[in-house]
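Colleague: Dropping the sequence and predicted coords here.
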Amino acid sequence: MSSTLCIRKTPKPDKNEWHFKLPIKSLIAKRYFNHDGSLGGSMLTIGPSELNWFEGVLSAGNFNVNDRKDFEKVVEVLREGNTIDLWWNV
């Protein structure tokens with residue numbers, strides 16, 4: 001079964017949701033959900049205290065152009081001091 005990692009800015013849901021497949025979903029799944037990204041999990045809210053980790057993933061990652069652009073937006077939300085929600089669309 002395939003799953004997708006979904007992320008949005010919190011606390012106000014809006015139309016800006018970013019959806020990620022491999023490799024971003026597996027990196028986040030390993031850190032926050034203790035699996036490889038093939039399983040689901042409950043919604044998790046991440047704050048700016050995790051910014052360094054997200055910036056490290058962005059810097060080190062070899063992502064396709066669209067995923068990189070979307071992940072940059074996620075990192076920018078954290079840089080602004082806001083939180084993001086993570087959840088799985090299975």
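Modeller: Nice, thanks for sending it over. Numbering: from 1, shown residues only.
Colleague: pull the CA atoms of the least confident helix or strand in the chain by mean pLDDT into PDB?
Modeller: Of all helical and strand segments in the chain, the minimum by mean pLDDT, DSSP states H and E falls on strand 4-10, at a mean of 88. Taking Å, rounded to 0.1, in the frame of the first residue of the first chain, the C-alpha atoms of strand 4-10 are listed here in PDB:
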ATOM      1  CA  THR A   4       1.600  10.100   1.300                       C
ATOM      2  CA  LEU A   5       2.900  12.500   4.000                       C
ATOM      3  CA  CYS A   6       0.800  15.600   4.300                       C
ATOM      4  CA  ILE A   7       1.900  18.900   5.900                       C
ATOM      5  CA  ARG A   8       0.200  22.200   6.500                       C
ATOM      6  CA  LYS A   9       0.700  25.300   8.500                       C
ATOM      7  CA  THR A  10      -1.200  25.400  11.800                       C
END
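Colleague: contact partners of the lengthiest helix in the chain?
Modeller: Among the segments of the chain that qualify as a helix by DSSP state H, the longest is helix 65-79. Contacts to helix 65-79, defined as C-beta atoms under 8 Å, 6 or more residues apart in numbering, come from residues 7, 9, 16, 18-21, 24, 46-48, 50-51, 54-55, 57-58, 61, 63, 83-84. Heads up, the C-betas are built off the backbone N, CA and C, glycines and all.
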